[in-house]
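In: here are the coordinates; sequence isn't available:
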């Protein structure tokens, strides 16, 4: 009887006992700053007009240690009706990520596209709760394709890099 062939194999990611595989881990998420303004209460609750909602996003990224990066998502929401501002909310939501053995050319795309995608659902919930707690219907923001936004911005930067600086 012939022995069956062993079709399994093991990939060794350690060279000289050191793990060289790229690793990224979410360490912690937190509200860094939250502001809710309700300047026209209690009148705003009786306004007949639906306010226009303006939402602005900004992504920040900082290296806070040798292998630790902080990614922050700033979301500003302002609800304005013809009678005035119903509410204004600013949320700065952040997360710490540990990174090891990640190629330098992959760090920026992760920090500006993938990391915001990972923390956005949590920031969205904090924002919705703050608006609800302010006496308004919770605002559930639609999902955002941070990857497409990153690519758009990268392409715009490439185009402007090739243009002359301006007139002296």
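Out: That came through, no problem. Treat the numbers as computed from the prediction; the structure is a model and nothing was measured.

In: How about the residue nearest in space to the middle of the chain: what's its closest non-neighbour residue?
Out: For the chain, the residue sitting closest to the mean C-alpha position, by C-alpha atoms, centre = their mean, is residue 116 at 2.3 Å. Leaving aside its chain neighbours, residue 116 sits nearest to residue 146 (4.5 Å; criterion: C-beta to C-beta, 6 or more residues apart in numbering). The C-beta positions use only the backbone N, C-alpha and C, and glycine is treated the same way.

In: quick one, what contacts that neighbour?
Out: Taking C-beta atoms under 8 Å, 6 or more residues apart in numbering, we find residue 146 in contact with 59, 112, 113, 114, 116, 117, 120.

In: Going by contacts, tell me the helices and strands next to the helix ranked longest in the chain.
Out: Using DSSP state H, we find that the single longest helix of the chain is helix 115-133. When contacts are defined as 3 or more C-beta pairs under 8 Å, 6 or more residues apart in numbering; DSSP states H and E, helix 115-133 packs onto strand 23-37, strand 68-81, strand 84-100, helix 146-161.

In: chain center to it, what's the gap?
Out: 10 Å (C-alpha atoms, centre = their mean, to the nearest Å).

In: With stretch 55-63 instead?
Out: On C-alpha atoms, centre = their mean, the centre of stretch 55-63 falls 7 Å from the chain's centre.

In: mind listing what's buried in it?
Out: 59, 61 (16 or more other C-beta atoms under 10 Å).

In: repeat for stretch 27-40
Out: 29, 36, 38.

In: for the residues you listed, which one is nearest residue 69?
Out: Comparing the buried residues of stretch 27-40 against residue 69 with C-beta to C-beta picks out residue 29 as the nearest, at 13.3 Å.

In: May I have the residues that are in contact with that closest one?
Out: Counted by C-beta under 8 Å, 6+ apart, residue 29 has contacts 93, 94, 95, 96, 119, 122.

In: what do you get for residue 150?
Out: 109, 112, 113.

In: What count of nearby residues applies to the second one?
Out: Looking back up the chat, that one is residue 112. Close neighbours of residue 112, defined as other C-beta atoms under 10 Å, add up to 19.

In: Am I right that it is in contact with residue 59?
Out: Yes: using C-beta atoms under 8 Å, residue 112 makes contact with residue 59 at a distance of 5.6 Å.

In: what separates stretch 80-91 from the chain centre, distance-wise?
Out: The answer for stretch 80-91 is 23 Å, by C-alpha atoms, centre = their mean.

In: Identify each buried residue in it, please.
Out: Applying 16+ other C-beta under 10 Å to stretch 80-91 flags 86, 87, 88, 89, 90, 91 as buried.
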